[in-house]
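Undergrad: Fold the following and give me the result.
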Amino acid sequence: MQKISKLARFYPTFILGYSLLPLVAGAQIDTALGKVSGTLKSIVGLLFVLATIVFLWGVIQFIAKSGDEAGRAKAKGIMTWGIVGLAVMVAAWGIVALLVQYFDVPRGGGNTGGGIPTGPIQ
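TA: Numbering: from 1, shown residues only. Sure, this is the predicted structure:
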């Protein structure tokens, strides 16, 4: 009986503590989403730059090896993979944008957290 009376004294504290737990967890999730959003935005921007550099390197190699047929073929392959990389990333962001619009997901702006990151050029 004494154990029950001891627990009864702390019952309001447990109720208050457990009722505030979602607020604490929500704040942590919002902060984590903000960090992930910022990191993802930086990585996608870097990948766009990298794919552009690969394409331009292929163009430079194509021009530099204009007399060598094997060199030109290799440069065409580099340019092709650069364009494929850019097209895949643009298509992925297009699909994400369609899903966001369809499911009405809030878009995150900058590093404010929440939602999904916007495109790399917005």
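Undergrad: all helices in the chain, in order from the N-terminus.
TA: For the chain, the helices defined by DSSP state H occupy 2-64, 69-103.
Undergrad: and M79, how many neighbours?
TA: When neighbours are counted by other CB atoms under 10 Å, M79 registers 19. Glycine gets a C-beta too; all of them are placed from N, C-alpha and C.
Undergrad: quick revisit: where among the helices of the chain is the average confidence lowest?
TA: Least confident of those, judged by mean pLDDT, is helix 2-64 with a mean of 71.
Undergrad: Counting neighbours, which bits of stretch 41-58 end up buried?
TA: Within stretch 41-58, the residues that count as buried by 16 or more other CB atoms under 10 Å are K41, V44, F48, A51, V54, F55, G58.
Undergrad: Of these, which is the nearest to G77?
TA: Closest approach to G77 among the buried residues of stretch 41-58 (CB to CB): G58, at 7.6 Å.
Undergrad: That closest one and T39, how far apart?
TA: 29 Å (CB to CB, to the nearest Å).
Undergrad: Now render the buried residues of stretch 41-58 as a markdown table, adding distance to F103.
TA: Putting the buried residues of stretch 41-58 into a markdown table (distance: CB to CB, whole Å) gives the following:
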| residue | distance to F103 |
| --- | --- |
| K41 | 20 |
| V44 | 20 |
| F48 | 25 |
| A51 | 28 |
| V54 | 33 |
| F55 | 33 |
| G58 | 38 |
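Undergrad: Widest-spaced pair of these?
TA: Maximum distance among those (CB to CB): 26.6 Å, for K41 and G58.
Undergrad: Measure how buried D68 is and give me the count.
TA: Around D68 there are 11 other residues, counting by other CB under 10 Å.
Undergrad: Understood, closing this out.
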